[in-house]
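> Compute the structure for the input listed below.
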Amino acid sequence: MGTVSQLHERVRPPAHRIQSEEEALDIARSLAASFAQQASDRDINRILPYDEVEVLSQSGLLGISVPSEHGGIDISNCVLAEVVAILAEADPSIAQIVQTHFHVLEAIRIGGGDDQRAALFDRAIIGDRFGGVFSESGIGGADQDAPHPIADGPGFRLSGRISPSASILFSDWIALFVPDERKRLLAAVVPRNTEGIQIIDDWDGFGQRTSGNGTTILHNVYLDADAVLQNREKLAEPTVIDSVSQLTHAGINLGIARSALAATMSFVKAYPSPSTDSGTQKAADDPLIVTRIGEIAVRIEAATAIVERAGGKIDAAQINLTEDHVVDAALSVAAAQAITADIAMDATNTLFDLAGATSARIGLNLDRHWRNARIHTLHDPARRKYSIVGNYHLNGMKPSKKSLL
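Residues are numbered from 1 along each chain as shown. Got it, this is the predicted structure:
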């Protein structure tokens, strides 16, 4: 940690071309089964999943959100969220990598010019990974190290420091989203090895330990006209970019909750005896435990349905991008994220409530479920989502038009 991370140059064969949503789900399940095997060890020792991420690149999953006119399958958003949830159930750190990737691809779909979309979507289809650097300076932030673009001929110069940058260590391409001197959003996509870009592996959070977060330092980086998204002004209009991002975040919450429930059931089934006052021969027959497991399972099922509904609302907005559709999608996604965040925390707490003191042994590393949920739900707390929905219903206040950040 604290070292400079450089992406090794490697020739990557073209990724598999996924043909349908059903195939995408099948591949996600197959990868998840493999990723889950060493997920605990990677967490304990903070072993970054470079090999696993290369397998992910080859699988074809990184291209599933690409529009059909650019060779993708233009996957529905509810299936996209389920793919993320499946991966998160195995390892939420790996799921965070694809979450950031899909966020950037949606921004390219909205803000890129025709040639830019064609070129960058082709890179996603062959397995390249996209990371994002999002600066909130000028939108309420006061970080003097935040990058500020300076015009330089047809392009811009950019210097500054942004931390943390989610999953940046695994990126082949880096999307930079920073406000200019007029607080307008500048958006550009550049190769990871662009001169002046330095990535520091310094993430020390107690959860999501292997997600590849790090600090991005920009040393007088030149963004030429081809790198700057040609239709970037559309990013300031009502879009579903943020809704796609938040829905896939909800998918991570959902996956963590499912994983915690599975771990709870495995532990309870293996536990030799129930509590002394349960009146049963084994823990799995304890009525209190059975009821609590049922409550968590029902809430996870309900959360899954809410995520699916929100995905449908985003689909509708992408087809007919009106303000009403964008607002409808944003409110539904806010509900999905709030509910999934709540169940992720509740399911991980319930793991220890039901499994008891023995489950807290360091060697079992069951606390990784709680740590991952706690860190992940800190980034955009559920209380903010309840406030957005409450303000809309009570005061008629529409969700913010922000599309990124």
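
> how about the helices of this protein, start to end?
21-37, 39-45, 50-59, 77-90, 92-111, 114-125, 241-270, 287-319, 323-355, 367-378, 382-395 (DSSP state H).

> Go through the ones you listed and name the closest to residue 151.
helix 92-111 (18.9 Å; C-beta to C-beta). For every residue, glycine as well, the C-beta is placed using N, CA and C.

> Now do the closest one, average pLDDT.
Averaging pLDDT along helix 92-111 gives 97.

> so what secondary structure elements neighbour it?
helix 50-59, helix 77-90, helix 114-125, strand 130-134, strand 173-179, strand 185-191, helix 241-270, helix 367-378 (3 or more C-beta pairs under 8 Å, 6 or more residues apart in numbering; DSSP states H and E).

> Residue 223: which of those is closest?
It is, among these and with distance given as C-beta to C-beta, strand 185-191, at 4.5 Å.

> same question for that closest one, mean pLDDT?
95.

> What is it packed up against?
helix 92-111, strand 173-179, strand 214-223.

> residues making contact with that strand?
104, 107-108, 111-112, 116, 120, 130, 149, 156, 172-180, 197, 221, 223, 227-229, 232, 235-236, 404 (C-beta atoms under 8 Å, 6 or more residues apart in numbering).

> can you tell which of the helices and strands packed on strand 185-191 is closest to residue 27?
Nearest of the helices and strands packed on strand 185-191 (C-beta to C-beta): helix 92-111, 12.2 Å.

> hang on, the earlier thing: going by neighbour count, which of the contacts of strand 185-191 are buried?
When these are checked for burial by 16 or more other C-beta atoms under 10 Å, the buried set is 104, 107-108, 111-112, 116, 120, 130, 149, 156, 172-179, 197, 221, 223, 227-229, 232, 235-236, 404.

> ranking the helices of the chain by mean pLDDT, which is last?
In terms of mean pLDDT, the lowest-scoring of the helices of the chain is helix 382-395 (a mean of 92).

> mind listing what's buried in it?
Of all the residues in helix 382-395, those buried under the rule 16+ other C-beta under 10 Å are 382, 385, 388, 389, 392.

> contacting residues around the nearest residue to residue 173 once chain neighbours are set aside?
Using C-beta to C-beta, 6 or more residues apart in numbering and skipping the chain neighbours, the partner closest in space to residue 173 is residue 130 (4.8 Å). Shown in contact with residue 130 (C-beta under 8 Å, 6+ apart): 100-101, 104-105, 108, 120, 124, 171-175, 189.

> Identify all contacting residues around stretch 116-128.
Residues outside stretch 116-128 that contact it (C-beta under 8 Å, 6+ apart): 12, 14-15, 17, 57-58, 60, 62-63, 66-67, 70-72, 101, 105, 108-109, 112, 130, 172-173, 189, 226, 229-230.

> could you measure the residue nearest to residue 173 against residue 109, distance?
12 Å (C-beta to C-beta, to the nearest Å).

> Quick test: name the residue nearest the centre of the chain.
For the chain, the residue nearest the mean C-alpha position is residue 99 (3.0 Å; C-alpha atoms, centre = their mean).

> Next up, the contacts around that one.
Contacts of residue 99 (C-beta under 8 Å, 6+ apart): 84, 166, 167, 245, 248, 249, 251, 252.

> which of the residues you listed has the most neighbours?
Among the contacts of residue 99, the one with the most neighbours (other C-beta atoms under 10 Å) is residue 251, at 33 neighbours.

> Skipping adjacent residues, who's closest to it in space?
residue 84 (3.5 Å).

> so that neighbour touches residue 253, yeah?
No - Residue 84 is beyond contact range of residue 253, at 9.9 Å (criterion: C-beta atoms under 8 Å).

> and this structure, what are its domains?
3-131, 132-233, 237-395 (automatic domain parsing).

> Could you check how far residue 399 is from residue 296?
Distance from residue 399 to residue 296, by C-beta to C-beta: 30 Å.

> Same check on residue 332?
23 Å.

> got it, and residue 350?
From residue 350 to residue 296 the distance is 6 Å (C-beta to C-beta).

> got any residues that touch both of the two?
With C-beta under 8 Å, 6+ apart, residue 350 and residue 296 have common neighbours 261, 264.

> so how far is residue 24 from residue 86?
Going from residue 86 to residue 24 by C-beta to C-beta gives 10 Å.

> no, scratch that, I was asking about residue 117
21 Å.

> what does residue 199 give?
Where residue 24 is concerned, residue 199 sits at a distance of 29 Å (C-beta to C-beta).

> Please work out how many residues are found near the nearest residue to residue 169 once chain neighbours are set aside.
With C-beta to C-beta, 6+ apart as the criterion, residue 169 has its nearest non-adjacent residue at 3.6 Å, and that residue is residue 212. Residue 212: 28 surrounding residues under other C-beta under 10 Å.

> residue contacts, residue 212?
48, 53, 93, 97, 167, 168, 169, 170, 203.

> Taking those residues together, which two end up most distant?
Spatial extent of the contacts of residue 212 (C-beta to C-beta) is set by the pair 53 and 203 at 15.4 Å.

> ok, now which ones touch residue 33?
Residue 33 is in contact with residue 90, counting by C-beta under 8 Å, 6+ apart.

> how close does it get to residue 255?
From residue 33 over to residue 255 the distance is 14 Å, taken as C-beta to C-beta.

> what touches both of these two?
Counting by C-beta under 8 Å, 6+ apart, the shared contacts of residue 33 and residue 255 are residue 90.

> Quick check: chain neighbours aside, which residue is closest to residue 356?
Using C-beta to C-beta, 6+ apart, the closest residue to residue 356 is residue 271 (7.6 Å).

> That concludes my questions; thank you for your assistance.
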